[in-house]
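1. With the sequence up front, the predicted model follows.
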Amino acid sequence: MFHRTIIAAAIAGFAATAAQAQTSVPFALDWKFEGPAAPYFVAIDKGYFADKDLTVEISEGAGSLDAIPKVATGAFPVGFTDINSVIKFLDQNPGAPITGVMMIYDKPPFAVIGRKSLGITDDPKSLEGKILGAPPPDGAWAQFPIFAAENELDMAAITVEPVGFPTREPMLAEGAVASITGFSFTSYLNAARLGVPEDDLVTLLMSDYGVDLYGNAIIVNTEFAAENPEVVKGFLEAVAMGWKDAIADPAAAVESLMERNPAADAELETRRLQLSIDANVKTEAAMAGFGLIDEDRMASAIEQIKLTYEFTNEPDATLYFTEDYLPESGFPLE
């Protein structure tokens, strides 16, 4: 259970800020300032947040799960994280003030990236008898048990090596591990940048191998949202406009990213953003209504989570995601 006093104090601070003309909304990302973060900076630079009387400061994260406790404790009113991990977090922390409010990765980027020269193919069974590098806080690793169950992998035959995020792709490049878990657009390009020939890399996108889950979503502190519904609605609309612009012109969007991360490779990050758009964001469902979820698919995802996770409490989809802050038909992407 959570320390209600700490949360109440934090929410009170947010509420006081919301009363001012320009509301400060700190936003916790899941990862570093890389290509897929560009749309949020576009929303700042083009004044989409400012038009909603919002001042948004974006903080990078340290992994897919990083934003969950930040938002749940009230340290940040909004964040970006893996919705499946939110489901487990709420089961383990009933009553925690957190929920998803806008789906961004309609198709999750959870993947296993391996090297053909080290025996990894597009058959998940090729992971058996090999070493898999997996960072414990990684969202892809969190869903790997479902991927393994769906593909009937013998986990006793896979040597799992816990690795840090900074050493994950270098270990793959050095051949210390045959494969790694990660986001498809992150680990693939990072490995290629380290000198692994792209024709030696194979990407097993978990959603192509039986994993019927959603990916990352915008999450909110529910107490903050209840006190400031128009702030949340305005924030989400600005985010949607940033993504719409990024989809229309990824290279221009990355210019906003480079302002915050001048050491980045603009060409690489443009390609990373494009990969995330093509594989994760611009799906048929998202084009019909960006930000929304399908109730039947969410129910199916919960059932799939049960394959490898034993719920302490009866799952309740209404706790994990709400469309109350979205337009009825979602946002247009074109």
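-> Arrived safely. Residues are numbered from 1 along each chain as shown.
2. Quick check: beta-bridge partners of the residue positioned nearest the centre of the chain?
-> Among the residues of the chain, the one closest to the centroid is residue 216, at 3.2 Å (CA atoms, centre = their mean). Counting by DSSP bridges, residue 216 is bridged to residue 82.
3. doesn't residue 107 make contact with it?
-> No. Between residue 216 and residue 107 there is no contact under CB atoms under 8 Å: 10.7 Å. For the C-beta atoms, the positions are set from N, CA and C on the backbone; glycine is no exception.
4. Now do the strands in the stretch 1-150 of the chain.
-> Counting by DSSP state E, counting those that start in this stretch, the segments of the stretch 1-150 of the chain that form strands are 23-24, 27-28, 54-55, 58-59, 78-82, 98-103, 110-115, 131-134.
5. Quick check: pLDDT value at residue 34.
-> Reported pLDDT at residue 34 in the predicted model: 96.
6. Isn't it up against residue 258?
-> No. The criterion here is CB under 8 Å, and residue 34 misses it with residue 258 at 11.1 Å.
7. distance between the host helix or strand of residue 167 and the chain's centre?
-> With elements taken from DSSP states H and E, the one containing residue 167 is helix 165-174. Centroid displacement of helix 165-174 relative to its chain, using CA atoms, centre = their mean, to the nearest Å, is 21 Å.
8. what's the angle between it and strand 110-115?
-> Counting by axes from the mean of the first three to the mean of the last three CA atoms, to 10 degrees, helix 165-174 lies at 40 degrees to strand 110-115.
9. With only the CA atoms kept, save helix 165-174 in PDB.
-> C-alpha atoms of helix 165-174 as PDB (Å, rounded to 0.1, in the frame of the first residue of the first chain):
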ATOM      1  CA  PHE A 165      21.000  -1.200 -20.200                       C
ATOM      2  CA  PRO A 166      24.400   0.300 -21.000                       C
ATOM      3  CA  THR A 167      26.000  -3.100 -21.600                       C
ATOM      4  CA  ARG A 168      23.100  -4.800 -23.400                       C
ATOM      5  CA  GLU A 169      23.900  -4.100 -27.000                       C
ATOM      6  CA  PRO A 170      27.700  -4.100 -26.500                       C
ATOM      7  CA  MET A 171      27.400  -7.600 -25.200                       C
ATOM      8  CA  LEU A 172      25.500  -8.600 -28.200                       C
ATOM      9  CA  ALA A 173      28.000  -6.900 -30.500                       C
ATOM     10  CA  GLU A 174      30.900  -8.700 -28.700                       C
END
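10. could you point out which element follows it?
-> Defined by DSSP H and E, the subsequent element after helix 165-174 is strand 179-183.
11. immediately after that following strand, which helix or strand?
-> Next element after strand 179-183 (DSSP H and E): helix 184-193.
12. Can you read off the pLDDT for residue 18?
-> pLDDT, the model's per-residue confidence, is 40 for residue 18.
13. my bad, should have said residue 139
-> 85.
14. What separation is there between the nearest residue to it once chain neighbours are set aside and residue 89?
-> Once flanking residues are discounted, residue 139 sits nearest to residue 64: 2.7 Å by CB to CB, 6 or more residues apart in numbering. Computed as CB to CB, to the nearest Å, the residue 64 to residue 89 distance reads 12 Å.
15. next one: residue 325
-> Applying CB to CB, the value for residue 325 to residue 89 is 20 Å.
16. repeat for residue 123
-> Taken as CB to CB, the span from residue 123 to residue 89 is 33 Å.
17. Neighbour count: these two, which is higher?
-> Ranked by neighbour count (other CB atoms under 10 Å), residue 123 and residue 89 place residue 89 first, with 19 against 12.
18. for the more buried one, what are its contacts?
-> The contact partners of residue 89, by CB atoms under 8 Å, 6 or more residues apart in numbering, come to 68, 72, 96, 98.
19. and the nearest residue to residue 138 once chain neighbours are set aside, how many residues sit next to it?
-> Nearest non-adjacent residue to residue 138, counting by CB to CB, 6+ apart: residue 181, 5.5 Å away. Around residue 181 there are 26 other residues, counting by other CB under 10 Å.
20. Also the one 3 residues further on?
-> A count of nearby residues for residue 184, using other CB under 10 Å, gives 25.
21. What of residue 202?
-> Residues contacting residue 202 under the criterion other CB under 10 Å number 19.
22. swap in residue 55?
-> Other residues near residue 55 number 14, with proximity taken as other CB under 10 Å.
23. Who are the packing partners of the longest helix seen in the chain?
-> Criterion DSSP state H: the longest helix present in the chain is helix 229-248. The contact analysis (3 or more CB pairs under 8 Å, 6 or more residues apart in numbering; DSSP states H and E) places helix 229-248 against helix 38-45, strand 54-55, strand 98-103, strand 216-221, helix 250-260.
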